[in-house]
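Asker: here is the input, now give the coordinates:
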Amino acid sequence: MAADDLITFFMEVGLSEEKAKETAKNDHVAKNFKNAIEQAKKHIAGAIPKPVANLLYSLASKVKDQASTHVPFLVEYIANGKINSELQLTAALDFALAHAAGDIKKAEFEKGCGVGVSYTDTEVVKAVAAVLAANTEGLIENRYRFVVGPLLVEARKAVPWVEGKRLKDEVDRQILKLLGPKTAEDNEKPAKKKEKPAPEKKDSNTAEKAEKAESSGATTIAELMKTRVNFHKVGENYKTNGYVITPKTMELLAQHLKETGGKVITRFPPEPNGILHIGHAKAININFGYATAHDGLCYLRYDDTNPEKEEEKFFTAIKDMVEWLGYKPYKITHSSDYFQELYDLAVELIKRGDAYVCHQKAEDLKGHNPPPSPWANRPIAESLALFEDMKNGMFDEGAATLRMRTVLEEGKVDPVAYRIKYVAHHRTGTKWCIYPTYDYTHCLCDSIENITHSLCTKEFQQRRSSYYWLCNALDLYCPVQWEYGRLNVNYTVVSKRKIAKLIETQIVRDWDDPRLFTLTALRRRGFPPEALNNFCALLGVTMSEMAIDPQLLEACVRNVLNETAPRHLVVLEPLKVTILNFPHKAAVAVEALDFPEKPERGKHTIQFAPVIYIERSDFRKDADKNFKRLTPTQHVGLRYANVVLEVKKVIEGADGEPLELHVECKPLGDAEKPKGFIHWVADPIVVEARLYERLFRHKSPEDPSEVPGGFLSDCNPDSMRVIPNALADKSLAGAKVYDKFQFERVGFFSVDPDSIADRLVFNRTVSLKEDAAKN
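Answerer: The predicted structure is shown next:
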């Protein structure tokens, strides 16, 4: 039917012209609605009544493909007036979906959908009266500001199929009888809450992305998974869009529920051929986080089907990072655990006529339109024999593959299930010379492990149909695949090949170089795992691809470190200061707070001595009025020492730069209040500090339009600055690797693994927020 005719057809049953045009643009709904109208006309003489048309439209909008065979049955009940409310229709759609693979028994259907059920006025009055009686006190106290929604829900339990308007009218009538007409006070609007001051302006791009993230996200992973994610209930796989129902589906789901006890079961399935990166943090949080939030289980399953690229260090690093983020796998498994079972299932697939042995070369299968296989129709017995020959090493690599008779969403025909590789496997040794592909292995391992929710990034959406096809072709339990948008971070690369190139060219030192966005690098830099988890929660679980600036992640890091990193005094670029009138005979101990805003959280002791060291940048010989620290004519306070310093003499080097300051001090209460306070150290230890900037200059270093010379040409040569002789207070002497601190007025730092007993190395994790008082 032409578009104009379809619009006219829809308007004839009562749709407005605007609604009819909108519906015609949606091929799926338009097809369903047209079919429903045509079915209804078989039962209705003349024009279709408006209420019936409305229900038919709801049916067309809501019915899932797997229940589409029952649409004529549902339309008949709507057309005959036996289903006459949205409430009944919702129940009918759920019932049809639950019986999608079989026939509907009318008696059960009618009972489950309230067909023929009616209520007397007395029954409705009693149901409402009972609920209001239980809430009388609250109604009298709050009067017409009382929220009536919960009352309607409670009353409906007694009269589940009553029309919504009828129930609402009765609630309103009885409330009016109880409270009387509204007074002037009832009509007054409640006082508005005090508005928060407008936030200061941020970079528009970063602010926009943060707002977008917050709209779909949450503050913690637990909150996100419990309140913002709407995956299917365990065992209700058949209710999800696109799920394929076969005659065995309900039986297999019943067995699945029996074996799992109704628990949520997820898995995180990384390939052990590289180090995990920031994108994997999102995957770990979604898979482990969803299971944890619903008292379920999550496997860590290594997808080890590509033996030539797998190394033991990657297996260890992956497990370490999962545990670092705070998750404990229910069980650690490997795809290779199931190699024999996968092989047996491949044999069964051939026997069912759904796979065949092919001899096309890998290069012949590349591209979007490869030639069809000349061996696609070879006899089953022949494919069985050849597949066994493949297993027994009778072919050269590339001389034969096993292919499945299916088509991926992207149009790829007959994807490969097995290929030959004469490479020893790290776990199975030389037992196998054929290895299964991702397209074959992934869904079958999910089925074997009874995974309830197969959660993966959006690029796997094009493999969902083959996932369902393979499980169903073998009459196995079929999990539900849910996709979400992958996470990308600007100003970095996460490709294994490109990181390897950065290491090879000595731009970075290794996979854990703090300038990278691998998880080992972020840990080494000092990012707390809680911050990464909160960052992932903030982004939410949506289908949108995200490219986030690092500032959003750094803000999450600061939020955590502000609460967890104790404050200490460290001077990065020291300038010696001698106090001429030091008020004590020798050095004295003074107390410094670990968290100045929360004194009850502890303190430590620091030394105050006649010779101290301050930041070189905290002194200027010549300064404008905005400079609030030490000058020859301006005094400054010392943190924790309760004294004010005044310059008496500046000792300069040959280049005119100050080498030492001679000062006098006064008790804080005896001097004019200083404009600022600075940090300092006395009797310090020497430490190394490493300051990091972005590794790349452009947001998208891999984009040739942005960086024509390639990502290596975009590297910032000043991305790491080493300060070998920073001075730290001795209270830091016992710090351990990965301990985190705030160096007051400097930034957040973490102890690097390069540290040795008498030489600590600190990485700057993130800088402090800009502080106007610091200038």
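Asker: Asn306 is in contact with His426, correct?
Answerer: No. With contact defined as CB atoms under 8 Å, His426 does not count as touching Asn306 (10.9 Å). For every residue, glycine as well, the C-beta is placed using N, CA and C.
Asker: where does the stretch 351-500 of the chain dip in pLDDT?
Answerer: Of all residues in the stretch 351-500 of the chain, none has pLDDT under 70.
Asker: all helices of it, in order?
Answerer: Taking DSSP state H, counting those that start in this stretch as the test, the helices found in the stretch 351-500 of the chain are 380-391, 438-448, 464-473, 496-504.
Asker: ranking the ones you listed by burial, who's on top?
Answerer: helix 438-448 (a mean of 22; mean count of other CB atoms under 10 Å).
Asker: and that helix, how far out from the chain's middle?
Answerer: How far helix 438-448 lies from its chain's middle: 23 Å, per CA atoms, centre = their mean, to the nearest Å.
Asker: and if you look at stretch 118-126?
Answerer: When C-alpha coordinates are averaged (CA atoms, centre = their mean), stretch 118-126 and its chain have centres 49 Å apart.
Asker: what do you get for stretch 336-350?
Answerer: 33 Å.
Asker: over that stretch, what's the mean pLDDT, rounded is fine.
Answerer: In this model, stretch 336-350 has an average pLDDT of 98.
Asker: contact partners of it?
Answerer: For stretch 336-350, the external contacting residues (CB atoms under 8 Å, 6 or more residues apart in numbering) are 304-305, 335, 355-356, 380, 383-384, 387, 391, 402, 404, 417-418, 425, 427-428, 431-432, 434, 436, 440-441, 444-445, 448, 470, 473-474, 476.
Asker: got the buried residues for that stretch?
Answerer: Of all the residues in stretch 336-350, those buried under the rule 16 or more other CB atoms under 10 Å are 336-339, 342-343, 345-347, 349-350.
Asker: helix or strand right after the worst-scoring helix or strand of the chain on mean pLDDT?
Answerer: Among the helical and strand segments of the chain, the one scoring lowest on mean pLDDT, DSSP states H and E is helix 204-216, with a mean of 44. Counting by DSSP states H and E, the next helix or strand C-terminal to helix 204-216 is helix 221-227.
Asker: any regions of the chain where pLDDT drops low?
Answerer: Residues of the chain meeting the criterion pLDDT under 70: 190-216, 770-775.
Asker: so of the buried residues of stretch 336-350, which ones are in helices?
Answerer: Among those, DSSP state H puts 339, 342-343, 345-347, 349-350 in helices.
Asker: what is the burial count for Val560?
Answerer: Neighbour count for Val560, taken as other CB atoms under 10 Å: 20.
Asker: any idea which element it lies in?
Answerer: Per DSSP H and E, Val560 falls inside helix 550-564.
Asker: Asn26: which of the helices of the stretch 351-500 of the chain is closest?
Answerer: Distance to Asn26, taken as CB to CB, is lowest for helix 464-473 among the helices of the stretch 351-500 of the chain, at 21.2 Å.
Asker: which residues are in contact with that closest one?
Answerer: Here helix 464-473 makes contact (CB under 8 Å, 6+ apart) with 242-244, 246, 249, 349, 352, 354, 404, 406-409, 415, 439-440, 442-444, 447, 454, 477-479, 481, 483.
Asker: by contact count, what packs against the helix holding Val560?
Answerer: helix 204-216, helix 529-539, strand 740-743, strand 747-751, strand 761-767 (3 or more CB pairs under 8 Å, 6 or more residues apart in numbering; DSSP states H and E).
Asker: repeat the analysis, applying 6 Å as the threshold.
Answerer: Applying 3 or more CB pairs under 6 Å, 6 or more residues apart in numbering; DSSP states H and E, one finds that helix 550-564 contacts helix 529-539, strand 761-767.
Asker: show me the contact partners of that helix.
Answerer: The contact list for helix 550-564, computed with CB atoms under 6 Å, 6 or more residues apart in numbering, reads 206, 210, 527-528, 530-531, 534-535, 748, 766.
Asker: apply 7 Å and report the result again.
Answerer: With CB atoms under 7 Å, 6 or more residues apart in numbering as the test, helix 550-564 has contacts from 206, 209-210, 213, 489-491, 527-528, 530-531, 534-535, 538, 740, 742, 748, 765-766, 769.
Asker: one step back: in a markdown table, list the helices of the stretch 351-500 of the chain along with distance to Gln360.
Answerer: Converted to a markdown table, those look like this (distance: least, CB to CB, whole Å):
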| stretch | distance to Gln360 |
| --- | --- |
| helix 380-391 | 14 |
| helix 438-448 | 16 |
| helix 464-473 | 19 |
| helix 496-504 | 27 |
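Asker: report how many residues lie close to the closest residue in space to Ser495 that isn't next to it in sequence.
Answerer: What sits nearest to Ser495 in space, not counting adjacent residues and going by CB to CB, 6 or more residues apart in numbering, is Glu702, at 7.6 Å. By other CB under 10 Å, 16 other residues sit near Glu702.
Asker: wait, Glu702 sits on Val493?
Answerer: Yes. Using CB atoms under 7 Å, Glu702 is in contact with Val493, at 6.0 Å.
Asker: mutual contacts of the two, please.
Answerer: Phe711.
Asker: okay, Pro72 and Ser466: tell me how far apart.
Answerer: According to CB to CB, to the nearest Å, Pro72 stands 31 Å off from Ser466.
Asker: then Ala385?
Answerer: For Ala385 relative to Ser466 (CB to CB), the value is 26 Å.
Asker: could I get the helices and strands packed on helix 550-564 as a markdown table with distance to Leu516 and mean neighbour count?
Answerer: Converted to a markdown table, these look like this (distance: least, CB to CB, whole Å; neighbours: other CB atoms under 10 Å):
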| stretch | distance to Leu516 | mean neighbour count |
| --- | --- | --- |
| helix 529-539 | 14 | 24 |
| strand 761-767 | 13 | 22 |
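Asker: possible to save those as CSV with distance to Ile78?
Answerer: Output for those, formatted as CSV (distance: least, CB to CB, whole Å):
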stretch, distance to Ile78
helix 529-539, 42
strand 761-767, 60
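Asker: how about these, which one is nearest Pro610?
Answerer: The closest of the helices and strands packed on helix 550-564 to Pro610 is strand 761-767. By CB to CB, the value is 27.0 Å.
Asker: what's the distance between that closest one and the middle of its chain?
Answerer: Relative to the centre of its chain, strand 761-767 is centred 26 Å away, using CA atoms, centre = their mean.
Asker: and for stretch 651-670?
Answerer: In terms of CA atoms, centre = their mean, the centre of stretch 651-670 is set 53 Å apart from its chain centre.
Asker: give the buried residues for that stretch.
Answerer: Of the residues in stretch 651-670, 658, 661, 663, 665 count as buried by neighbour count, 16+ other CB under 10 Å.
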